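Enquirer: only geometry, no sequence info:
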Ligand SMILES: N[C@@H](CCC(=O)N[C@@H](CS)C(=O)NCC(=O)O)C(=O)O
């Protein structure tokens, strides 16, 4: 039986699951939910996820939201292999230590900067106050400094040691998001740039998952040059 993935490639945790599940060659059924068209508010999708958010999986009738809960479940079901989600207790704890930190330590700040600078003007048709943007940017940069020095930059190429895990994928897809609002963490943090390139090279579907995002960025830079 297939795993259905409800997703939108504009969503960071959706991209994580898309890249991960595609790389596993499992029987994957993709169910696109276009957030920009408000498809997540439809009656049909609300029946799938009462929280009206992506990503969601449906594994043989078992429906689950929240990306971290999803990767934990798929690991227990032996769908995510051990190299990406370690089974050894302490190694697994290290991955989960990052996943716990990630949501409030990194994702919150990158996502809020993206939301305030990029999404709000689109959604509400008004420009956000520059001081407000600067304040969100400061918080994001501080989070990136922590990520750069306290999770990376500790002498190993990846967040948990010598090889890629889901922790790296969650972080890498998140750090793509502020690029749409004009801030590329790779341009400011060389350690992040080196690590991000390795994560990108590891996952065969990484670029494919970022095609739409890259198109948005390319369109913006074309418009700003006019
Ligand atoms: N903690 C959730 C976050 C899910 C989430 O916030 N999804 C966003 C896209 S990244 C969404 O569906 N937003 C729709 C909305 O807020 O209306 C996870 O990790 O899966």
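Expert: Done, it's in. As the structure is a prediction and not an experimental result, all values here were calculated from the model.

Enquirer: which parts of the protein sit against the ligand?
Expert: 11, 12, 13, 35, 40, 53, 54, 55, 66, 67 (CB under 6 Å from any ligand atom). C-beta coordinates here come from the backbone N, C-alpha and C atoms, glycine included.

Enquirer: what about 8 Å?
Expert: For the chain, the residues in contact with the ligand (CB under 8 Å from any ligand atom) are 8, 10-14, 33, 35, 40-41, 51-55, 65-68, 70, 103, 107, 111.

Enquirer: what about residue 111, how many neighbours?
Expert: 19 (other CB atoms under 10 Å).

Enquirer: swap in residue 212?
Expert: 13.

Enquirer: can you tell me which helix or strand it belongs to?
Expert: Taking DSSP states H and E as the definition, one finds residue 212 inside helix 211-225.

Enquirer: same question, residue 90
Expert: Using DSSP H and E, the element containing residue 90 is helix 89-102.

Enquirer: Identify the residues contacting that helix?
Expert: Residues from elsewhere that reach helix 89-102 (CB atoms under 8 Å, 6 or more residues apart in numbering): 68, 71-72, 85-86, 151, 159-161, 165-167, 170-171, 174.

Enquirer: again, but for stretch 54-63
Expert: Contacts to stretch 54-63, defined as CB under 8 Å, 6+ apart, come from residues 1, 3-8, 11, 13-14, 16-18, 33, 35, 40, 48-49, 64-65, 67, 70, 73-74, 77.

Enquirer: Okay, and which of these map to helices?
Expert: Residues of the contacts of stretch 54-63 located in helices (DSSP state H): 13, 14, 16, 17, 18, 48, 67, 70, 73, 74.

Enquirer: could you list every residue that touches the fifth one?
Expert: With contacts taken as CB under 8 Å, 6+ apart, residue 18 has the following neighbours: 5, 7, 9, 30, 55, 205, 209.

Enquirer: between these, which is nearest the ligand?
Expert: residue 55 (5.6 Å; CB to the nearest ligand atom).

Enquirer: one step back: just the buried positions in the helix holding residue 212, please.
Expert: 213, 217 (16 or more other CB atoms under 10 Å).

Enquirer: Could you list the low-confidence segments of the protein?
Expert: 1, 224-226 (pLDDT under 70).

Enquirer: Please name every helix or strand in contact with the lengthiest helix in it.
Expert: Ordering each helix of the chain by length in residues (DSSP H) puts helix 130-146 first. For helix 130-146, the packing partners by 3 or more CB pairs under 8 Å, 6 or more residues apart in numbering; DSSP states H and E come out as helix 108-114, helix 185-188.

Enquirer: No more questions from me, cheers.
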